[in-house]
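**Student:** Predicted model, plus sequence, below.
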Amino acid sequence: MNAKKKILFIHHSSTIGGAGLSGLNVLRAIPKESYEVTVYCNSEQNGMADIYRDAGFNVIYAGKSPIGISHYSGGEVFVLSPHVLINLLYIYFDKSKISTLIQKIKPDIVIVNSMTLYWIGKIAKAYNAETICFFRETYAKNCFGLRNSIIRNGLNKYFDKISFISKYDLELNKGLNCSMNTIYNMIPSEEFTRHNRTDTKVILGLNDDSFNVLFVGGMSPLKGAIIAIKAISKTENKKIKLVFIGYKWNGRKKTLNDCDGFKKKIKYLLRMDYEAKAIKYILSNNLKNRILFYGIQRNIAPFFIACDALISPSTKPHQARPIFEAGFAKIPVIASDFPNIREVINEDSGFLFKNKNFTQAAAYLDAISTNTVQFKARVDLNYENTIGRHTQTVYNQGIAKLLK
């Protein structure tokens, strides 16, 4: 009987989000009879590390390690900012920790769950491990392109295989010497089929008289939280409510005393605090009763089943997981129009609005809320696209092929 191969799976973020949950799907798809898996996860807030552990995986709680480079669409920092140097210094000191980890575990395969961890490839190769990168981000657009070139070069030299979540991002990386493929993110169907819409609405406290629009981005500029809030404020149908996931509001204005640390206080005083701006807009436009805040959720499926539509107003190219989650739940999608999004949804299967144009998004919400039957064909097409590309079976086949 052949011994199991050892896999070291490295995840960069402690918060519960799309990349971490997609990583969980990867881990579940790895055949247990052939591989022994160790998960090394940033555990600054414990969220994803706890989820990996609760799913039955051997997890190393790594504190602030590993450190990803702060350069991807929606997470880029100006090249001359002090933060860039600080980020690089953190990575420099993290290298010895990763080196010790790989030396101790002696993995046959090292998997990084983000291209922001491209620098780990060089260390893994020094210990003769096969290297795989799940490229879950889109390159940041910037003036010089130096950091993009450094990342691309690192991927090219130190990774055997790269798996992309879209053909759009694969095309941006054409010319690399390593093996490349596309494995679309997977939707765990059992999470969606086990929930009854009527009962779930009651459990979540959603009113039958309201048209409930789901937003799953938290208080994030990248995910477009303020765009979603403004869209709700501009709708003519006042029965439309926003179901806001990923942030829990205390119901009052944010003050300087709510800011932890000197930098956050300065940001607040300079009126650059995104959360404060969002809350101010809510209070100024009397939206308190039209937005329901549910905080961070481990299981998002019940909200997709219970809500009437999804708004996905990302302000930069970003992964589109909520769009096909909505596809599986058979609810209409209103989303920002970007080239990578069009690979997942278009005017035939959803409603695309120009980036940050909340007035256009509001018009779509009004139209959908008053005549859902009229747009059933679009919802059905998004569902067909979802089950054709994002099922467990298709995903498992992709992961098995990647590991060969």
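**Tutor:** Cool, got the structure. Just so you know, these numbers come straight off a predicted model, no measurement behind them. Residues are numbered from 1 along each chain as shown.
**Student:** what's the neighbour count on residue 401?
**Tutor:** Neighbour count for residue 401, taken as other C-beta atoms under 10 Å: 11. Placement of C-beta: from N, CA and C, glycine included.
**Student:** Now do the same for it: helix, strand or coil?
**Tutor:** Classification of residue 401 using DSSP: H, G, I helix; E, B strand; the rest coil returns helix.
**Student:** need the contact list for it.
**Tutor:** Contact analysis of residue 401 by C-beta atoms under 8 Å, 6 or more residues apart in numbering lists residue 181.
**Student:** in the stretch 51-200 of the chain, which spans are strands?
**Tutor:** 58-61, 109-112, 130-135, 161-164, 179-182 (DSSP state E, counting those that start in this stretch).
**Student:** Mean pLDDT, mean neighbour count and distance to residue 5 added to the ones you listed, as JSON lines?
**Tutor:** Compiled in JSON lines, these are given as follows (pLDDT from 0 to 100; neighbours: other C-beta atoms under 10 Å; distance: least, C-beta to C-beta, whole Å):
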{"stretch": "strand 58-61", "mean pLDDT": "97", "mean neighbour count": "17", "distance to residue 5": "15"}
{"stretch": "strand 109-112", "mean pLDDT": "98", "mean neighbour count": "26", "distance to residue 5": "6"}
{"stretch": "strand 130-135", "mean pLDDT": "97", "mean neighbour count": "24", "distance to residue 5": "9"}
{"stretch": "strand 161-164", "mean pLDDT": "96", "mean neighbour count": "21", "distance to residue 5": "14"}
{"stretch": "strand 179-182", "mean pLDDT": "94", "mean neighbour count": "15", "distance to residue 5": "17"}
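**Student:** Those into a markdown table, with extra columns for distance to residue 170?
**Tutor:** Putting the strands of the stretch 51-200 of the chain into a markdown table (distance: least, C-beta to C-beta, whole Å) gives the following:
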| stretch | distance to residue 170 |
| --- | --- |
| strand 58-61 | 30 |
| strand 109-112 | 17 |
| strand 130-135 | 8 |
| strand 161-164 | 4 |
| strand 179-182 | 5 |
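**Student:** so which of those strands gets nearest residue 218?
**Tutor:** strand 130-135 (21.8 Å; C-beta to C-beta).
**Student:** list the helices and strands the closest one packs on?
**Tutor:** Packed against strand 130-135 by the contact rule (3 or more C-beta pairs under 8 Å, 6 or more residues apart in numbering; DSSP states H and E) you find helix 18-29, strand 109-112, helix 120-126, helix 146-158, strand 161-164.
**Student:** can you give me the angle it makes with helix 146-158?
**Tutor:** 150 degrees (axes from the mean of the first three to the mean of the last three C-alpha atoms, to 10 degrees).
**Student:** Each with direction, which strands does strand 130-135 pair with?
**Tutor:** Looking at strand 130-135 with DSSP bridges, its partner strands are strand 109-112 (parallel), strand 161-164 (parallel).
**Student:** want to try CSV for those strands, with distance to residue 87 as columns?
**Tutor:** Converted to CSV, the strands paired with strand 130-135 look like this (distance: least, C-beta to C-beta, whole Å):
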stretch, distance to residue 87
strand 109-112, 17
strand 161-164, 22
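**Student:** for these, which one sits closest to residue 18?
**Tutor:** Nearest of the strands paired with strand 130-135 (C-beta to C-beta): strand 161-164, 14.5 Å.
**Student:** Can I get the closest one in CSV? Just the C-alpha atoms.
**Tutor:** What follows is strand 161-164, C-alpha atoms only, in CSV (Å, rounded to 0.1, in the frame of the first residue of the first chain):
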residue,chain,number,x,y,z
LYS,A,161,0.5,24.6,-11.4
ILE,A,162,-1.8,27.6,-11.1
SER,A,163,-5.6,27.3,-10.9
PHE,A,164,-7.7,30.3,-11.8
